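In: From the sequence below, what's the structure:
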Amino acid sequence: MLVQTFPKIVDASLGSSNDENLRDLFDEQVRAYMTGSKTATQALTDAAAQWNSALAKTT
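Out: As a prediction, the model looks like this:
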């Protein structure tokens, strides 16, 4: 059903065991931007720092 509805959808998983956590960290920053508590630049900067920290722990 989803493939028919969204024929160009791409699996956004990174193939790591940390995908769900990374997605949660990103979503948190998107919410901060959407609620006005952070600028887009600050939210992306913070998301990148959180991802880098999380990924450093998995290697």
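In: Neighbours of Q29, how many?
Out: Number of residues near Q29 (other C-beta atoms under 10 Å) recorded here: 21. Where C-beta positions appear, they are placed from N, C-alpha and C, glycine not excepted.
In: In contact with it: list those residues for me.
Out: Residues in contact with Q29 (C-beta atoms under 8 Å, 6 or more residues apart in numbering) are 38, 43-44, 46-47, 50.
In: Could you report the pLDDT at it?
Out: Q29 carries a pLDDT value of 96.
In: returning to that earlier point: between the contacts of Q29, which is nearest A32?
Out: K38 (4.1 Å; C-beta to C-beta).
In: secondary structure class for that closest one?
Out: Under DSSP: H, G, I helix; E, B strand; the rest coil, the three-state class of K38 is coil.
In: If you count neighbours, what's buried in stretch 35-53?
Out: Using 16 or more other C-beta atoms under 10 Å as the burial criterion, the residues of stretch 35-53 that qualify are 38, 43, 46-47, 50-51.
In: where do the helices sit along this protein?
Out: Using DSSP state H, the helices of the chain run over residues 2-5, 19-34, 40-58.
In: Including pLDDT and distance to S17, could the contacts of Q29 go into a markdown table?
Out: Shown next, in a markdown table, are the contacts of Q29 (pLDDT from 0 to 100; distance: C-beta to C-beta, whole Å):
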| residue | pLDDT | distance to S17 |
| --- | --- | --- |
| K38 | 97 | 28 |
| A43 | 97 | 25 |
| L44 | 96 | 24 |
| D46 | 97 | 23 |
| A47 | 96 | 19 |
| Q50 | 96 | 17 |
